[in-house]
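A.B. asks: I would like to see how this sequence folds:
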Amino acid sequence: MQDKDVTEKMLEKYNDVFADILNVLLFGGRNVVDEAAIKDALPMSMLKIDGRVRSQERDIAKYWRKNKINVALFGLENQTTANKIMPLRVFGYDGAEYVKQSRKENIDKAKYPVITLVLYLGYEKRWNYPKTLFEILDIDEEIKPYVNDFKINLFEIAYLDREKIDLFKSDFRILADYLYQMRKNRDYIADETAIAHVEELLTLMSAMTGDNRFEETINELKGKEKVNMCEVLDRVEARGIEKGIEKGIEKGIEKGIEKGRLVGRREGVISILASLVNDGILSIDEAAIRANMSAEDFEKFIK
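C.D. replies: I've put the predicted structure just below:
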């Protein structure tokens, strides 16, 4: 299973998702940033610190362009846990882009703003760390008037209003809806919103939930024209039942052998299937098919 940082970037790299995030979070859902006007930017920049060259890398960086001119550089930083020095990190990312614009080869080019959005994807608790430089720095009061503050643009996705979440049009809406529901109800009920980037979204859901069954369903869904989370969850649940049956059968057989009660594998399998029927996991018809028996004979066996 891939880690969350990687899977978040896999989804957000798509221009439709990236533009959707900007339009909802910055512009109230209006289509201000068109996905066709977005161009990838290099997420990595180099810094010389203490005589050594070091690299720093954003999660996602893209230029917003009009008439082949950069209007702005937008960066996304994903955080599943709060970071106490996030303002310093973002300040470093933004500063590196401004340094780039000040270089000799760019001196006569139009200068553009750099805007970074920090997407907090945690739902267990709120972001409880600094959002400005002043909250981090230990500043003497005498020099404070000469120190420039810097704030991060923080968005706590799980804590957005329901109306704001419903403005998302891309696959990011499914992630935002999942985080919102998990915060409110500690449970997730999917709707029939179609998924555009199936592999990337399910890989991300797998990382967010810790349930690799989401990834396991990817191959089953390849080639399907329309896929939604209702279908995905049905398949995930079916895989869970299948695995539970397999484990139950194996456990039951081992237990029967240990106690000397199992006459043969077939009898042990039928016994386990009967217990699954009693527990409501399988219907009699389903269990009978697995046992290679008629439903009538299987029902007699249970009785």
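
A.B. asks: The spatially most central residue of the chain is in what secondary structure piece?
C.D. replies: Nearest to the mean C-alpha position of the chain, by Cα atoms, centre = their mean, lies L204 at 4.1 Å. According to DSSP states H and E, L204 maps onto helix 198-209.

A.B. asks: elements contacting whichever helix or strand comes after that helix?
C.D. replies: Next in sequence after helix 198-209, counting helices and strands by DSSP H and E, comes helix 213-216. Applying 3 or more Cβ pairs under 8 Å, 6 or more residues apart in numbering; DSSP states H and E, one finds that helix 213-216 makes contact with helix 198-209, helix 229-259. No exception for glycine: its C-beta is placed from N, CA and C like everyone else's.

A.B. asks: Would you check that L276 makes contact with A288?
C.D. replies: No. With contact defined as Cβ atoms under 8 Å, L276 does not count as touching A288 (11.8 Å).

A.B. asks: so how far is D211 from the residue nearest to the centre of the chain?
C.D. replies: 12 Å (Cβ to Cβ, to the nearest Å).

A.B. asks: And for T217?
C.D. replies: Computed as Cβ to Cβ, the T217 to D211 distance reads 11 Å.

A.B. asks: what touches both of those two?
C.D. replies: Common contact partners of T217 and D211 (Cβ atoms under 8 Å, 6 or more residues apart in numbering): V236.

A.B. asks: More neighbours: which of these two?
C.D. replies: Each of T217 and D211 has its neighbours counted (other Cβ atoms under 10 Å); T217 has more, 23 against 15.

A.B. asks: Backbone dihedrals for that one, please?
C.D. replies: Backbone torsions of T217, given as degrees, to the nearest 10, read phi -90, psi -10.

A.B. asks: so what's it closest to, chain neighbours aside?
C.D. replies: Distances taken as Cβ to Cβ, 6 or more residues apart in numbering place R235 nearest to T217, at 4.6 Å, with adjacent residues excluded.

A.B. asks: residue ranges with poor pLDDT in the chain?
C.D. replies: Low-confidence segments of the chain, defined by pLDDT under 70: 1-5, 44-55, 238-269, 279-281.

A.B. asks: Spell out the residue ranges of the strands in it.
C.D. replies: Here the chain has its strands, by DSSP state E, at 38-40, 44-49, 52-57, 60-66, 69-79, 114-120, 153-156.

A.B. asks: Would you mind extracting the C-alpha trace of the last one into CSV?
C.D. replies: Included here for strand 153-156 are C-alpha records, laid out as CSV according to Å, rounded to 0.1, in the frame of the first residue of the first chain:
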residue,chain,number,x,y,z
ASN,A,153,-3.8,29.6,3.6
LEU,A,154,-5.1,26.6,5.6
PHE,A,155,-8.2,24.7,4.7
GLU,A,156,-9.4,22.0,7.0
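
A.B. asks: how close does D297 sit to K303?
C.D. replies: In this structure, D297 and K303 are 11 Å apart, going by Cβ to Cβ.
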